[in-house]
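1. Please find the sequence and the predicted model below.
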Amino acid sequence: MRFAHRLAGPASVKDTIEALGVPHPEVDLITINGSPCPFNARVHDGDRVAVYPAFQSIVIDSAQRVGVDRPRPARFALDVHLQALASRLRLAGFDSIVIEDDARLAQEGRERIVLTRDVALLKRNAVRCAHWVRQIDPDAQLAEILRRFDLTSEMEPFARCLRCNTPVVPIERDAVQARVPPRTRACVREYHWCPRCEQVYWRGSHYPRLAELVARARSRADQRPD
């Protein structure tokens, strides 16, 4: 989309873009009059500014990017309003923490991918790798994040504790028999355990529904957005 914007006075290209409502972590490449430039480049009357998001299928290694590569493996920090999404990301196998304090959440943006629906938070200088979540429904949000960061090949469902985010480990049935219903002990042989909060997991009646949730998000992420 091309449009004209009148400058109120001297400004950096970063401030100009954010004044138009686009937080800087959403930007991967900026050009002024056809030449790549950094965030602190000055914008003048008559300049032609082009702003691009992260490319998934076009390689721009030779260009001067303003964006940063995401952490590998992917790690997320989410605001308190996205707790349902955090649970789904953990279900898919991704390290995901929820932070209530905006200042601390912004600081986490140096080591993790910040996810929020608060555009103002993403404009803080401390935030580097982040995404403004567009979708409202948590299942759709999961597919959005998987697509945005190209994560479907990195999914490891049921590898993390849904409560506290810790990786779960296999545990012998005898070691958890006191914490498992008798009917479950009689028919389930494989268990996993969270070494932090001591939650026990097994493939119960809820497992098919959760597996379907993950499979559906993977399928939606692999499709081209509308």
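-> Sure thing, it's come through. Keep in mind it's a predicted model, so treat the numbers as computed, not measured. Numbers count the residues shown, from 1 in each chain.
2. Show me the shaky parts of this protein.
-> Low-confidence segments of the chain (pLDDT under 70): 55-63, 224-226.
3. buried residues in the lengthiest helix in the chain?
-> Ranked by residue count under DSSP state H, the longest helix found in the chain is helix 207-222. In terms of neighbour count (16 or more other CB atoms under 10 Å), helix 207-222 has its buried residues at 210, 213-214, 217-218, 220-221. (Each C-beta comes from the backbone N, C-alpha and C, glycine too.)
4. any idea where the helices of the chain begin and end?
-> 13-19, 83-91, 102-108, 119-122, 138-148, 173-176, 182-187, 207-222.
5. Out of those helices, the one nearest Met1 is which?
-> Closest to Met1 of the helices of the chain is helix 13-19 (CB to CB; 13.6 Å).
6. which other residues reach the closest one?
-> Applying CB atoms under 8 Å, 6 or more residues apart in numbering, the contact partners of helix 13-19 are 5, 7, 11, 24, 27, 30, 32, 37, 39-43, 49, 51, 123.
7. at 7 Å what do you get?
-> 24, 27, 30, 32, 37, 39-41, 43, 49, 51, 123 (CB atoms under 7 Å, 6 or more residues apart in numbering).
8. Neighbour-wise, give me the winner out of those residues.
-> For these, counting by other CB atoms under 10 Å, the largest number of neighbours falls to Ile30: 26 neighbours.
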